[in-house]
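Engineer: Just need the structure, nothing else, for what follows:
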Amino acid sequence: MATAILGIATVSAALIFCTSPDLAAAQSTPRVLLIGIDGVRPDVLAEVPTPNIDALAAGGWYTAEARTTTPSVSGPSWSSMLTGVWPEKHGVTNNDFTGRDYDRWPSFLTRIEAERPALATFAALDWLPLAELDGGGPVLPASIDTRVVLNGYDLGWAEADAELTAQAVSHLEGADPDAMFVYLGNPDETSHEHGSIGMEYRDAIALADRHVGMLTDAVRARSGYDSEDWLVLISTDHGRRADGGHGGDSPEEMTIFILASGPATSDWPPPGPAFIVDVAATALDHLGIAIDPGWELDGRPLGRPR
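Structural biologist: Model prediction:
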């Protein structure tokens, strides 16, 4: 492309998902890949070389002005992204996950298991509270068909992200997933470790972009890709201050990005107001799962009139 979406002047056209309406009509099997990258400030993302994310944004739908939860910390924010409701409903207001009610407000993957159990679900993550909590009730429970659960604190965050990406790629190569969530924790933890949004943090974002490229390459290499309608969603849970911290309500902490790429985005209107709770609703909608008003979701599918 002639100008950068996220700060890159040129990207390879081969990386861009085709968004031809005719091709979209021919691809009859909807599938979703949600990649969550922890703690990425959109303005910093725009300054980092991220050719894979840039290519997806160039061929899809992108906003750097979406909003996350209050407080802007991981527990409530990931809970809202995955469930489609604000903390006032799912009950998580801190990283201890006290007050959680995932039975009433399950993740989109858990809803898929309940509504369309024939669909194959997958989650890969290295922040343990998303999958393991004392007393039950993690947002990504064992009812998901396939889970890769690693501990970034034990393995090292860069190493854990690389391993779970490799396992997700292997799953794309050898299995038939319908809905996937892959969590990458290294950028957030790197910023905390160094107390800044400097070079180490930016290198961690660039590494996450390489993992994004591995995942999207694996999608496109699938033997059945020509008959599949993949929607790739990428987002983050919160921004951060210049000192690496977050949790407040400043624009730097509250502003997030949301990216959607795939044939389905070809007729989406230009980006308007968007919120972290819209991600789960978008995934369900793309899979053809009707959103029951009784679920009382706060999010709405992106690409549809608000």
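
Engineer: hang on, E228 packs against V32?
Structural biologist: No - counting by C-beta atoms under 8 Å, E228 does not reach V32; the two are 10.8 Å apart. No exception for glycine: its C-beta is placed from N, CA and C like everyone else's.

Engineer: which of those two has more neighbours?
Structural biologist: Neighbours were counted for E228 and for V32 using other C-beta atoms under 10 Å; V32 has more, 27 against 19.

Engineer: Bridging across strands, which residues link to that one?
Structural biologist: A179, L231 (DSSP bridges).

Engineer: thinking it is in contact with P177, fair?
Structural biologist: No - contact between V32 and P177 fails when scored by C-beta under 8 Å: they sit 9.1 Å apart.

Engineer: Determine the set of other helices and strands touching the longest helix seen in the chain.
Structural biologist: The single longest helix within the chain, with elements called by DSSP state H, is helix 199-220. In terms of contacts (3 or more C-beta pairs under 8 Å, 6 or more residues apart in numbering; DSSP states H and E), helix 199-220 is packed against strand 29-37, helix 42-45, helix 51-58, helix 157-174, strand 179-184, helix 186-194, strand 228-235.

Engineer: From the chain's centre, how far out is the longest one? Work that out for me.
Structural biologist: Okay, so that is helix 157-174. Helix 157-174 sits 15 Å away from the centroid of its parent chain (C-alpha atoms, centre = their mean, to the nearest Å).

Engineer: Quick one: residues in contact with it.
Structural biologist: By C-beta atoms under 8 Å, 6 or more residues apart in numbering, the residues outside helix 157-174 that reach it are 122, 124-126, 146, 148, 150-152, 155, 177, 180, 182-186, 189-190, 204, 207-208, 211, 214-215, 218-219, 221-222.

Engineer: got the angle between it and helix 186-194?
Structural biologist: In terms of direction (axes from the mean of the first three to the mean of the last three C-alpha atoms, to 10 degrees), helix 157-174 departs from helix 186-194 by 170 degrees.

Engineer: Give me the mean pLDDT for helix 157-174.
Structural biologist: Averaging pLDDT along helix 157-174 yields 98.

Engineer: same thing with the fifth one?
Structural biologist: If you average the pLDDT over strand 179-184, you get 98.

Engineer: Can you get me the start-to-end distance on stretch 255-268?
Structural biologist: Taking C-alpha to C-alpha, to the nearest Å, stretch 255-268 runs 22 Å from one end to the other.

Engineer: Actually, stretch 51-66.
Structural biologist: One end of stretch 51-66 to the other measures 21 Å (C-alpha to C-alpha).

Engineer: what helix or strand does the closest residue to A274 other than its chain neighbours sit in?
Structural biologist: Excluding the flanking residues, the one nearest A274 by C-beta to C-beta, 6 or more residues apart in numbering is A66, at 4.1 Å. In the assignment (DSSP states H and E), A66 maps to strand 61-67.

Engineer: one step back: just how off-centre is the longest helix of the chain within its chain?
Structural biologist: Here the centre of helix 199-220 is set off from its chain's centre by 13 Å, with C-alpha atoms, centre = their mean.

Engineer: Keeping just the C-alphas, turn that helix into PDB.
Structural biologist: The C-alpha coordinates for helix 199-220 follow below in PDB (Å, rounded to 0.1, in the frame of the first residue of the first chain):
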ATOM      1  CA  MET A 199      12.700  -0.300  23.100                       C
ATOM      2  CA  GLU A 200      12.200  -3.500  25.000                       C
ATOM      3  CA  TYR A 201       8.400  -3.000  24.900                       C
ATOM      4  CA  ARG A 202       8.500  -2.200  21.200                       C
ATOM      5  CA  ASP A 203      10.600  -5.200  20.500                       C
ATOM      6  CA  ALA A 204       8.000  -7.400  22.300                       C
ATOM      7  CA  ILE A 205       5.300  -5.900  20.100                       C
ATOM      8  CA  ALA A 206       7.300  -6.600  17.000                       C
ATOM      9  CA  LEU A 207       7.800 -10.200  18.200                       C
ATOM     10  CA  ALA A 208       4.000 -10.500  18.700                       C
ATOM     11  CA  ASP A 209       3.600  -9.400  15.100                       C
ATOM     12  CA  ARG A 210       5.800 -12.200  13.900                       C
ATOM     13  CA  HIS A 211       3.600 -14.600  15.900                       C
ATOM     14  CA  VAL A 212       0.500 -13.000  14.200                       C
ATOM     15  CA  GLY A 213       2.200 -13.700  10.800                       C
ATOM     16  CA  MET A 214       2.800 -17.400  11.700                       C
ATOM     17  CA  LEU A 215      -0.800 -17.800  12.700                       C
ATOM     18  CA  THR A 216      -2.300 -16.100   9.600                       C
ATOM     19  CA  ASP A 217       0.200 -18.000   7.300                       C
ATOM     20  CA  ALA A 218      -1.100 -21.200   8.900                       C
ATOM     21  CA  VAL A 219      -4.700 -20.200   8.200                       C
ATOM     22  CA  ARG A 220      -4.000 -19.400   4.500                       C
END
